[in-house]
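# sequence plus predicted model, see below.
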Amino acid sequence: MSRLAVELPGLSLKNPVMPASGCFGFGREYAKLYDLSQLGAIMIKATTREPRFGNPTPRVAETPSGMLNAIGLQNPGLEKVIEEELSWLAQYDVPIIANIAGSTMEDYVEVAKRISQAPNVHALELNISCPNVKKGGIAFGTVPEVAAELTRLVKQVSAVPVYVKLSPNVTNIVEMAKAIEAAGADGLTMINTLLGMRIDIKTAEPILANRTGGLSGPAIKPIAIRMIYEVSQAVSIPIIGMGGIATAEDALEFFYAGASAVAIGTANFVDPFVCPTIVAELPVLLDELGFDHISQCIGRSWNKGGPTVYCGT
Amino acid sequence: MSRLAVELPGLSLKNPVMPASGCFGFGREYAKLYDLSQLGAIMIKATTREPRFGNPTPRVAETPSGMLNAIGLQNPGLEKVIEEELSWLAQYDVPIIANIAGSTMEDYVEVAKRISQAPNVHALELNISCPNVKKGGIAFGTVPEVAAELTRLVKQVSAVPVYVKLSPNVTNIVEMAKAIEAAGADGLTMINTLLGMRIDIKTAEPILANRTGGLSGPAIKPIAIRMIYEVSQAVSIPIIGMGGIATAEDALEFFYAGASAVAIGTANFVDPFVCPTIVAELPVLLDELGFDHISQCIGRSWNKGGPTVYCGT
Amino acid sequence: MKVEKMTIVYHEPIARNIYQLILGGTLVQEMNEAGQFVHVKVGERTDPLLRRPLSLCDINKEASECTIIYRKEGAGTALLSEKKKGEVIDVLGPLGNGFPLEAVQAGQRALLVGGGIGVPPLYELAKQLVKKGVTVTSILGFQTQDVIFYEREFASLGEIYIATADGSYGTKGFVTDVIGGRGLSFDVLYACGPKPMLKALEQKFPDKEVYLSLEERMGCGIGACFACVCRVPNNETAYKKVCSDGPVFKVGEVVL
Amino acid sequence: MKVEKMTIVYHEPIARNIYQLILGGTLVQEMNEAGQFVHVKVGERTDPLLRRPLSLCDINKEASECTIIYRKEGAGTALLSEKKKGEVIDVLGPLGNGFPLEAVQAGQRALLVGGGIGVPPLYELAKQLVKKGVTVTSILGFQTQDVIFYEREFASLGEIYIATADGSYGTKGFVTDVIGGRGLSFDVLYACGPKPMLKALEQKFPDKEVYLSLEERMGCGIGACFACVCRVPNNETAYKKVCSDGPVFKVGEVVL
Ligand SMILES: Cc1cc2nc3c(=O)[nH]c(=O)nc-3n(C[C@H](O)[C@H](O)[C@H](O)COP(=O)(O)OP(=O)(O)OC[C@H]3O[C@@H](n4cnc5c(N)ncnc54)[C@H](O)[C@@H]3O)c2cc1C
Ligand SMILES: Cc1cc2nc3c(=O)[nH]c(=O)nc-3n(C[C@H](O)[C@H](O)[C@H](O)COP(=O)(O)OP(=O)(O)OC[C@H]3O[C@@H](n4cnc5c(N)ncnc54)[C@H](O)[C@@H]3O)c2cc1C
Ligand SMILES: Cc1cc2nc3c(=O)[nH]c(=O)nc-3n(C[C@H](O)[C@H](O)[C@H](O)COP(=O)(O)O)c2cc1C
Ligand SMILES: Cc1cc2nc3c(=O)[nH]c(=O)nc-3n(C[C@H](O)[C@H](O)[C@H](O)COP(=O)(O)O)c2cc1C
Ligand code: FES
Ligand code: FES
């Protein structure tokens, strides 16, 4: 397995494959299907200071090769996440990346301070980009100065490295990434969902009770690839890439674009075994393409000139 | 057919269905398949002052439920478009919307002045958002002040109403739309493509020679719907909606969102008869849903409270 | 709960836009409760993307076969309806918690109320109740005569009443009209159908033991994504997940 | 040029990952030229989205059937390979301009050079040339022995040479090695295959009459989208579209 091992700030990953936040709960359901220790890491569901019920239902709608969600950050709140979920997860040999969210900077700081002390939390992921949270959330993710300020504040209190999750709903993702890097982030995760909507033909009403929601799944993959390609060339902190990954080939495309690890969201719903399957298939793919180690693929689309690998077909 | 008739600035449309710019050339190919007079209008391929060859190939790549293109505004140039293409199109009873592009404001002004005088050009569509043009193009489409300035200049010289085509690659589409409305635009068309990328698994190189390209097709439909929903509530000029439409139901979703007419791009490649098919199917759909006229559907998702139509199933 | 490629043993329309699908596979050995469902992948690639939740209508462990009855509705079920005998389908299941059999004793009376495409899970339930010695009365509501299915099957297990919204067959009106009209008595009521029907039943029998099966749009189907939650009465943040806590709930347990 | 749902008459693998597909339909009556292609919709819904360009390999007007030979390559051809006899496929065609028959006279010699999946259109061409009284020599290049197809079919129409890149069958090397080695003489050369092969032929025979069939990624396939253009020598803005001006061009007409 060492040919898949990747070292990132705070994270010694046995493999660079992890479920994305919000698509895996706190792991309990998938633990019934396979051993979670097979995963490189787990990004747990966004945690807020207080418990949240989230948005009214319907909360999901299907789109061509994608889905919209407007869960609204439902979670049991900081205390319960630490006491019940993180301690339960401690039985597995897998580092946890704690996704945190809030409505104010103080919320983030408070959650970051507390949750970063849990022994199995190896990194934080600041969800500054959730398009479903109406107060504040949007601004955090789309104004570089605000995102930078938040990053600085969280860095001051966090006991573990801090990754910031970028929203794709911006004109200039590179500017955003650079501001966050300059503010001291240890890494980036990208992309979160694109703001979208569907309307019911029969009722003329939006399908989601929240009206708009976040678009995820294969449909957004080319946008994620483009953004990671641009950002990875502009910053020197590592990127955990996500957005529509469903196969080992998809994952490889993200490594080529410049991601150092990948996260899988929506695809878990389609194939609950998708994460361990990709972990198993990546070495096969490396063999086929003549790579010894996954690290040779990282950023290969821009840090090598011309076609680099021949694989006779 | 009068139940599909729509009146927009400069455009008395017998039906609100038209091919989108760049996906229909100048109509010659589709004219071999059906009578172009069946169309509500035709948005011709972007025209620039001088002839352009465009980008190197490959220029297209497939993505899940979508495609990327980086044609690079290939066109025969203003003179030839007027002399050869527009005069040829004059044989059909169909208003032309001339999509115009350029690298400088002067380019736009020059093309607008000349092409708006062609007798069958009933409106202009300013392509300020083509993500494939590197000089200037991007800035025009993403900075409200610049877009507004361009709109003003073109309005001064145009003999016909001016529609401005919005780029979805922005943080705040409403701000953009309002600036362009304030600058005197007669209408908006939206959305253009989203900037995306794909990488070849075997070579680790971007599939498009231009590296990045514009994402179109059903994959982007929920993003287009969301943006039209937001913008149509914020401006009072009409919107021609596009982005992933492939069926009459898709088109209806755009009307509900707030579009007054729709354009079909990528779907022409999949089904060359898609435009006349949607023209034929819309009245059937109106019947099923109990509408007398398409205008009853425009903006229905936000300008009526609660479910409005019952259709027993 | 497993993922299995199950083989289509039988697949035919049995009413207008209503299809009966029989699937064979070892997964059937894990299926026990009436009211549980499976999450079915209908497309080969990414459109349609999500699985479709469909209830178990009949579990036949000896033959290792289960029956699903579904309505061709949107894109996914339309694609499903084109699959032929012999093809395989990717099935995740069995999921959720079904109707509690232990709520009723041998010799007691159970009323089964189904609306439209909520009828299928009641068939397996009726079978299991009858086997237990419970007397079963079924009231099934449909829109029109041409979408009625499984009348004979239910009739073979007990008394049956049918209502149609347009009066083209049976009682004209809703299932609640039948119950009201006939003054049917029962010890436990089990229901599955559209939300307005469930709400009407909840109001009509405030003091009865009533179990309702809910529908909600789903992502994962296994409890991980929080797409399908419903509220718990008198609590701001408490919730239940339809997919993993339900789809069957005791009346009052969740807010309809 | 029309859109037609054509029926699969035959569909079997004939070499490793190489499939022969025979389609029946009235559209065949419009097919005339070897080198023309059809644009095939492979999925039911929006993934895969685009049609796939595939050459006509054999046109049988009497039977109203045409043959296509394709390699299972990516997602689209993989889906196509699962379609069964009796199913229908949405076909747009015939498209493009094929190999000019009039470039060679009865009694003259034509050399047909095909590489890999560029071989299929040469078969219909060989048939038409032989019918006209032209002497046909075919040189077909493949990667390895197990992907060779239609050797017998070509052999029945004239002399045939096969090259494999790995030497597992015929001459080891490329088609150009065969031509060089044998000093084959000809009046007209027709070729279809990978770009490096076409470029080698262009350089090798600067003074000969040579026709090349090009491949390019396509959107519309009918000339409307400008996806498939190639440059014309010594002109900054001139272009040809592979789909509608080609796919067959006279050597020198376009920049390879
Ligand atoms: C627990 C459960 C059991 C069910 N059992 C049955 C059954 O036995 N027979 C049957 O015909 N139907 C059943 N349904 C409803 C069935 O899931 C939907 O009719 C089906 O998903 C519609 O898919 P589609 O492709 O036809 O429609 P589309 O409109 O293409 O569906 C789009 C998306 O919305 C979801 N969706 C649409 N309608 C519903 C709905 N009513 N409930 C939940 N999700 C929906 C789909 O799953 C999909 O994700 C059940 C639903 C649930 C939640
Ligand atoms: C005029 C013409 C005639 C052809 N005739 C044949 C033939 O007779 N037999 C045969 O096996 N192949 C032929 N090809 C190549 C064939 O079109 C591709 O192999 C096929 O499109 C690949 O699709 P896929 O789904 O397997 O791959 P994917 O990788 O899923 O394809 C993704 C996209 O790229 C395009 N693409 C990928 N490879 C090529 C290619 N080599 N050329 C053009 N587009 C490509 C696809 O059409 C699709 O739009 C022809 C190509 C052209 C242009
Ligand atoms: C149902 C659902 C819930 C999500 N919840 C969260 C969340 O709580 N926090 C977060 O940062 N991202 C959340 N996301 C975004 C994903 O983590 C991921 O960034 C996005 O879905 C793109 O990846 P995918 O296409 O693989 O799903 C959620 C996505 C989905 C589909
Ligand atoms: C091949 C191609 C070429 C295009 N060329 C242009 C163009 O010249 N000018 C323009 O304004 N938009 C152009 N577009 C964008 C379309 O007009 C349309 O806005 C976009 O594709 C979304 O619609 P669709 O999903 O229906 O294709 C092009 C799109 C495609 C796919
Ligand atoms: S559908 Fe995901 S939690 Fe119920
Ligand atoms: S493929 Fe569209 S012009 Fe050739």
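Happy to help now that I have it. Fair warning: this is a prediction, and the values are worked out from it, not measured in the lab. Ligands and ions are numbered 1, 2, ... in the order given.
# from the chain's centroid, how far away is the strand or helix carrying A:A177?
Per DSSP states H and E: A:A177 is located in helix A:173-182. Distance of helix A:173-182 from its chain centroid, counting by C-alpha atoms, centre = their mean, to the nearest Å, is 17 Å.
# go on, stretch C:156-165?
The answer for stretch C:156-165 is 16 Å, by C-alpha atoms, centre = their mean.
# contacts for that stretch?
B:312, C:126-127, C:130, C:135-145, C:148, C:151, C:154, C:169-175, C:177-178, C:182 (C-beta atoms under 8 Å, 6 or more residues apart in numbering or on different chains). Backbone N, C-alpha and C define where each C-beta goes, glycine included.
# can you get me a residue count around A:D35?
12 (other C-beta atoms under 10 Å in any protein chain shown).
# go on, A:L153?
16.
# likewise for A:K32?
A:K32 is flanked by 12 other residues according to other C-beta under 10 Å.
# contacting residues around the nearest residue to it once chain neighbours are set aside?
Closest residue in space to A:K32, ignoring its immediate chain neighbours: C:M1 at 6.2 Å, by C-beta to C-beta, 6 or more residues apart in numbering or on different chains. Contact partners of C:M1, counting by C-beta under 8 Å, 6+ apart, are A:32-33, C:30, C:92-95, C:222.
# mind doing that once more with 7 Å?
A:32-33, C:93-95, C:222 (C-beta atoms under 7 Å, 6 or more residues apart in numbering or on different chains).
# and A:I100, by the same measure?
A:46-47, A:108, A:111-112, A:115, A:124, A:126-127.
# quick one, phi psi at it?
According to degrees, to the nearest 10, the main-chain angles of A:I100 amount to phi -120, psi 150.
# how about it: what's its closest non-neighbour residue?
That would be A:V111: by C-beta to C-beta, 6+ apart, it lies 4.5 Å from A:I100.
# briefly note if the helix or strand that contains that neighbour comes near ligand 3.
Take DSSP H and E as the rule and A:V111 turns out to sit in helix A:105-115. No - Helix A:105-115 does not reach ligand 3 (C-beta under 6 Å from any ligand atom); its nearest approach is 12.6 Å.
# which strands or helices does that helix pack on?
Identification of packing neighbours for helix A:105-115 by 3 or more C-beta pairs under 7 Å, 6 or more residues apart in numbering or on different chains; DSSP states H and E yields helix A:78-80, strand A:96-100, strand A:121-127, helix A:144-157.
# the residue nearest to A:I100 reaches A:T47, doesn't it?
Yes - the pair A:V111 / A:T47 is scored as a contact, 6.0 Å apart, by C-beta atoms under 7 Å.
# off-centre distance for the next helix-or-strand element following the helix holding A:A177?
Tracing the chain past helix A:173-182, the next element assigned as helix or strand by DSSP H and E is strand A:187-190. How far strand A:187-190 lies from its chain's middle: 7 Å, per C-alpha atoms, centre = their mean.
# tell me the strands beside strand A:187-190, with direction?
strand A:162-165 (parallel), strand A:239-241 (parallel) (DSSP bridges).
# now these in TSV, with mean pLDDT?
Below are the strands paired with strand A:187-190 laid out as TSV (pLDDT from 0 to 100):
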stretch	mean pLDDT
strand A:162-165	98
strand A:239-241	98
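# to ligand 5, which of those strands lies closest?
strand A:162-165 (21.0 Å; C-beta to the nearest ligand atom).
# output the lowest mean pLDDT helix or strand found in chain C.
Using mean pLDDT, DSSP states H and E, the weakest-scoring helix or strand in chain C turns out to be helix C:175-182, at a mean of 85.
# picking up where we left off before, relative to C:H11, which of the helices and strands packed on helix A:105-115 is closest?
Of all the helices and strands packed on helix A:105-115, strand A:96-100 sits nearest to C:H11, with 42.6 Å by C-beta to C-beta.
# tilt between that closest one and helix A:105-115?
Interaxial angle, strand A:96-100 versus helix A:105-115 (axes from the mean of the first three to the mean of the last three C-alpha atoms, to 10 degrees): 160 degrees.
# so strand A:96-100 versus helix A:144-157, what angle?
Using the same axes, to 10 degrees: strand A:96-100 against helix A:144-157 is 130 degrees.
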